[in-house]
Structures are given as structure tokens and as C-alpha cells.
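J.: okay, here's the prediction I keep looking at, along with the sequence it came from:
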Amino acid sequence: MPNTTSDNLKLTVQATGENSGTWGQITNTNLLILEQAIGGYDAVALNATTGATLTFSNGALSNGKNQVIRLTGTITSNVNVVIPDGIEKTYLIENATTGAFTVTFKTSSGTGATWSTTDKGYKIVYSDGTNIVDITADLGNITAGDVISGSITATGNIV
């Protein structure tokens, strides 16, 4: 039976008895992909008018597998950052672009999380394989318990 590939991170799943003499290299690459998915960082320069498409190459490191993504570049129109359909993954994303246009992080055919024209902040998003869900937007008001000692500086709505 030949090797297969995992659905989300595209890890090489080795069949029993396959890859004699090369299984160590394949395993090491899989470990690097896991490291990238858990703690990897990449700055992705967006095309000024079209944005970017993140990749998920089979059995190889690729930019869409990183945990933290910093979006950069000067955008001159509303743009999309696209990941393939079928990928289930959580991201921490910073919109560090310049230009007063929206940035939408989405799947190929689904909906996404959008930064407004003035939002150059951070979002925590999750891909369910079909759509991107903006977890940050769904947090709503945060309720704080008692503060025993120390101080808190807060902005926004504290309930």
C-alpha cells in the first residue's frame, strides 16, 4: 500500500513497510510541519489588488500551515487571503497592510473573516473546512471576576 496524506496538514502517512531507508527523512519533515502548525510564523506579502493564496503542499512545509500569519504590503483594493477548502485549522492573524481597503481571510469557496478598511489589528480565526469563523468577533463582552490585588487597565466594555 503506498503512502497517503493527512487531510488538514498534508502530513505523509507512511504505509507499513514503505520507504525503507528514507522513513527517517519523511518523519523529520512531518515533525517540522507539526512544529509549523503549532508555533510557526510567516509574513505574507499581499498582492496590491488580489491578495494571496496560502499553500498546503503534500508532505512539505508550506505557508498556509503556519500558526501565526502577518499580512503585509500596500493594498490598493479590497483583497482576499485564501486557503483551500477542506482544511480545518486555527490561525492567529495580524493585518499589517497599509491602504484603506478591506482584507478577507477565507476558504476557496466559503465565507471569511474581514478586517474593515481601518482595522489593522489581530484576529483569531478557525477554518471549519468550508468557512472561516472569526473567533475574536464572537467573544463579545468579557466578564471579569473579582480582582484581589494589583491593577487593571482596560478599554472598551467591561461588564
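T.: Received, thanks.
J.: so where is the protein shaky, pLDDT-wise?
T.: For the chain, the stretches flagged by pLDDT under 70 are 1, 138, 140-159.
J.: that one: helices as residue ranges?
T.: For the chain, the helices defined by DSSP state H occupy 23-39.
J.: which parts of it are strands?
T.: For the chain, strands defined by DSSP state E occupy the ranges 4-5, 12-13, 41-45, 51-53, 68-72, 79-83, 88-95, 103-107, 112-115, 122-128, 132-134.
J.: relative to Thr102, how far out is the residue sitting nearest the centre point of the chain?
T.: With distances taken as C-alpha atoms, centre = their mean, the residue of the chain nearest its centroid is Tyr91 (3.3 Å). Separation of Tyr91 from Thr102 (C-beta to C-beta, to the nearest Å) stands at 18 Å. Quick note: C-beta positions are derived from backbone N, CA and C, even for glycine.
J.: from what I see, Asn63 and Val44 are in contact.
T.: Yes - contact criterion C-beta atoms under 8 Å: Asn63 and Val44 qualify, at 6.2 Å.
J.: so what sits against both of the two?
T.: Shared contacts of Asn63 and Val44 (C-beta atoms under 8 Å, 6 or more residues apart in numbering): 54, 69.
J.: before we move on, back to that, dump the strands of the chain to TSV, plus distance to Trp23.
T.: Converted to TSV, these look like this (distance: least, C-beta to C-beta, whole Å):
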stretch	distance to Trp23
strand 4-5	15
strand 12-13	10
strand 41-45	28
strand 51-53	32
strand 68-72	30
strand 79-83	29
strand 88-95	26
strand 103-107	33
strand 112-115	38
strand 122-128	30
strand 132-134	35
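J.: Thr29: which of the ones you listed is closest?
T.: strand 12-13 (7.1 Å; C-beta to C-beta).
J.: packing partners of the closest one?
T.: In terms of contacts (3 or more C-beta pairs under 8 Å, 6 or more residues apart in numbering; DSSP states H and E), strand 12-13 is packed against strand 4-5, helix 23-39.
J.: using PDB, write out every CA atom in the last one.
T.: It refers to helix 23-39. The C-alpha trace of helix 23-39 is given here as PDB (Å, rounded to 0.1, in the frame of the first residue of the first chain):
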ATOM      1  CA  TRP A  23      11.400   6.900   6.500                       C
ATOM      2  CA  GLY A  24      13.500   9.000   8.800                       C
ATOM      3  CA  GLN A  25      13.600  11.900   6.400                       C
ATOM      4  CA  ILE A  26       9.800  11.700   5.900                       C
ATOM      5  CA  THR A  27       9.300  11.500   9.700                       C
ATOM      6  CA  ASN A  28      11.500  14.500  10.200                       C
ATOM      7  CA  THR A  29       9.600  16.500   7.600                       C
ATOM      8  CA  ASN A  30       6.300  15.600   9.300                       C
ATOM      9  CA  LEU A  31       7.700  16.800  12.700                       C
ATOM     10  CA  LEU A  32       8.700  20.100  11.100                       C
ATOM     11  CA  ILE A  33       5.200  20.500   9.600                       C
ATOM     12  CA  LEU A  34       3.800  19.900  13.100                       C
ATOM     13  CA  GLU A  35       6.100  22.500  14.600                       C
ATOM     14  CA  GLN A  36       5.000  24.900  11.900                       C
ATOM     15  CA  ALA A  37       1.300  24.300  12.600                       C
ATOM     16  CA  ILE A  38       1.800  24.700  16.400                       C
ATOM     17  CA  GLY A  39       4.200  27.600  16.500                       C
END
